[in-house]
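1. How does the following fold in three dimensions:
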Amino acid sequence: MATVTTTTTTTSGPSLGISIDRGYVNTLFGRFNILMLAINAICFICVAAQPWSAYIPPQGWFYFVCVTGFWSALIELFLGLCRIQDRMVRVVPWKLGLLIFCGLWSFFYLTAASAVTHYAVNYANKDGWYAGTVFGFIATIIYGIVAYYRLLDWKGVSPVSVSQPA
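-> Numbering: from 1, shown residues only. Here you go, the predicted model:
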């Protein structure tokens with residue numbers, strides 16, 4: 001009688017195909033992305049609804065911060081849903097890049113909300129400017145918190161894995 005021995009090996013490397021990971025929305029960073037999308041849209045609407053806002057200089061800076069934050073959060077959400085970040089980690093340092101981006105955007109929202117606050121005090125029809133100020137400072141806090149969690153994720157010192165479903 002002959003004995004046949006077979007050996008199977010499995011590889012656990014990243015797949016090359018793109019698939020949607022529906023569980024990403026339930027992770028901490030997925031929730032942060034949705035929150036950043038919402039706060040950027042609210043800030044943009046608050047300032048865009050103001051009459052004569054095109055003639056006030058800080059409005060352009062606030063628009064830039066809101067719109068760029070919105071599109072970058074949307075792209076980050078798409079990359080997270082498709083898990084493209086995990087596949088390109090050898091090429092691009094995503095964790096460090098997102099840490100730097102969130103830290104910069106926290107500072108940018110601080111300056112934009114401060115500039116809008118100055119013009120809210122000095123112009124008529126102040127309701128939208130005050131709303132933009134409040135939501136701009138809320139966005140500053142949100143981006144600061146996200147930058148803190150990105151720092152923990154980058155260093156790998158988080159007691160709970162922040163990239164796993166909550």
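2. Which elements pack onto the lowest-mean-pLDDT helix or strand in the chain?
-> Here the helix or strand of the chain ranked lowest by mean pLDDT, DSSP states H and E is helix 84-87, holding a mean of 76. Judged by 3 or more C-beta pairs under 8 Å, 6 or more residues apart in numbering; DSSP states H and E, helix 84-87 has no packing partners among the helices and strands. Bear in mind the C-beta positions are built from the backbone N, C-alpha and C, glycine included.
3. Could you list the buried residues of it?
-> Gln85, Arg87 (16 or more other C-beta atoms under 10 Å).
4. any idea how far the residue most central in space within the chain is from Arg87?
-> Nearest to the geometric centre of the chain sits Ala73, at 4.1 Å (C-alpha atoms, centre = their mean). Distance, Ala73 to Arg87, by C-beta to C-beta, to the nearest Å: 20 Å.
5. same deal with Leu37?
-> Note on Leu37: its distance to Arg87, by C-beta to C-beta, is 23 Å.
6. And the strands in the chain, which stretches?
-> In the chain, no strands are defined using DSSP state E.
7. quick one: low-confidence ranges for it?
-> Residue ranges of the chain with pLDDT under 70: 1, 6-17, 52-55, 89, 124, 158-166.
8. got the residue ranges for the helices in it?
-> 28-48, 57-82, 84-87, 94-122, 127-155 (DSSP state H).
9. Go through those and name the closest to Ile20.
-> Ile20 lies closest to helix 57-82 among the helices of the chain, at 5.6 Å (C-beta to C-beta).
10. Name the residues of that closest one that are buried.
-> 58-59, 62-63, 65-66, 69-70, 72-73, 76-77, 79-82.
11. Closest to Asp153 out of those?
-> Closest to Asp153 out of these is Gly80 (12.6 Å), distances taken as C-beta to C-beta.
12. for the closest one, what are its contacts?
-> When contacts are counted by C-beta atoms under 8 Å, 6 or more residues apart in numbering, Gly80 is found next to Asp21, Tyr24, Thr27, Phe29, Gly30, Asn33.
13. The same query, at a cut-off of 6 Å, please.
-> Counting by C-beta atoms under 6 Å, 6 or more residues apart in numbering, Gly80 touches Tyr24.
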